[in-house]
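S.K.: could you look at this predicted model? Sequence included:
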Amino acid sequence: MKLTIPALLFAALIGTNLHAEEKVLNLYSARHYQTDEALYANFTKQTGIQVNRIEAKEDELLERIRNEGAQSPADIFITVDAARLAKADELGLFAPVQSKFLEERIPAHLRSTDWFAFSIRARVIIYNKDSIKPEDVRNYEDLAAPKLKGQVCSRSGAHPYNLSLMASLIAHLGEQKAEEWAKGVVANFARSPRGGDTDQLKAVAAGECGVTISNTYYFARLMRSTKPEDKKTVEKLGVVWPNQQTQGAHINISGGGMLKTAPNKAAAIKFLEYLASDAAQLYFADGNNEWPAVPSLKSNNAALASLGNFKADTLPIATLAKNAVLAQKIYDRAGWK
Ligand code: FE
């Protein structure tokens, strides 16, 4: 809310504390989707709390919160990927939140004491239906098999999505096998890592490589696209839910927490609880073609539904964050640039 000069004068005259009177929430968010407008408007409607949004890239927001220090107006930080939430956590930016409602709604493996997941995405194997047989790429481990030599496209190993995947493999296979896997995948690269997940999907569809790993929402986005070239890309591609006989598909999250320096702590907790409510969960997840974090809720996203059900890895998301540094070392040793 913008204060006019008369309003300021009035406040000064009657000696009220504007901040105590105003019901606001300052949200620093790395998410910006069409459905967000309705998401925040509904919160204001329910609580009378105005939402002030600062939207920027994840790392910029983190930097900004650090620079603002104790003076930061930020109440809530929302970002994507466990590794980034963990970074904020390690920097001591979050305050612990105790909420029975959040504990009941968000499964234990999708939260820590300081932050909560509000949506999930899976990191899946996507292959070219003309050149690769799905039975050859059932598991992440298969991507390291010599028969896929020259077939694998990937984004950088330094990207949080791949760091989190490696972090999960460290937990499931142990450090040594995880490193052997990384070396095997690097030996199968069709080209050196470049671009984002969507670039890999396009390269696979174009036959530049046979198989890649991608977050589900990038594929769902292409499925929902009305552009003829995107439709052609999707037609070429098959999706595998990885490791269904073992740990399940690796999942990651969007989530957030309350900042230690939050000036509006009561509003912040209300907002986190609101994000775990039925309606907000569906808006939040659907905004980026993700699944709600609350397990009882069914997404009404047709693109996601068409991919079918899958077994998701229930490794605590906090473990991904814990293993992120080792994950980077392993990629470095394997030459996964
Ligand atoms: Fe992404």
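M.R.: Received, thanks.

S.K.: point out where the protein drops to low pLDDT.
M.R.: Scanning the chain for pLDDT under 70 picks out the ranges 1-22.

S.K.: what's the longest strand in it?
M.R.: strand 116-128 (DSSP state E).

S.K.: partner residues bridging residue 257?
M.R.: residue 77 (DSSP bridges).

S.K.: how far away is it from residue 106?
M.R.: Distance, residue 257 to residue 106, using Cβ to Cβ, to the nearest Å: 12 Å. Bear in mind the C-beta positions are built from the backbone N, C-alpha and C, glycine included.

S.K.: hey, what's in contact with both of those two?
M.R.: Common contacts of residue 257 and residue 106 (Cβ atoms under 8 Å, 6 or more residues apart in numbering): residue 116.

S.K.: thinking again about what came up before, heading C-terminal from the longest strand of the chain, find the next helix or strand.
M.R.: Using DSSP states H and E, the helix or strand that follows strand 116-128 in sequence is helix 160-173.

S.K.: relative to strand 116-128, how tilted is that next one?
M.R.: 90 degrees (axes from the mean of the first three to the mean of the last three Cα atoms, to 10 degrees).

S.K.: ok, then the element right after helix 160-173?
M.R.: helix 175-187.

S.K.: centre of the chain to that following helix, how far?
M.R.: 24 Å (Cα atoms, centre = their mean, to the nearest Å).

S.K.: that helix - contacts with which helices or strands?
M.R.: Other elements packing on helix 175-187 under the criterion 3 or more Cβ pairs under 8 Å, 6 or more residues apart in numbering; DSSP states H and E are helix 160-173, helix 324-334.

S.K.: can we see that at 6 Å?
M.R.: Applying 3 or more Cβ pairs under 6 Å, 6 or more residues apart in numbering; DSSP states H and E, we find helix 175-187 packed against helix 324-334.

S.K.: mind listing what's buried in the helix it packs on?
M.R.: 324, 326, 327, 328, 330, 331, 334 (16 or more other Cβ atoms under 10 Å).

S.K.: likewise for stretch 277-290?
M.R.: By neighbour count on 16+ other Cβ under 10 Å, the buried set for stretch 277-290 is 277, 280, 281, 282, 283, 284, 285, 286, 287, 288, 289, 290.
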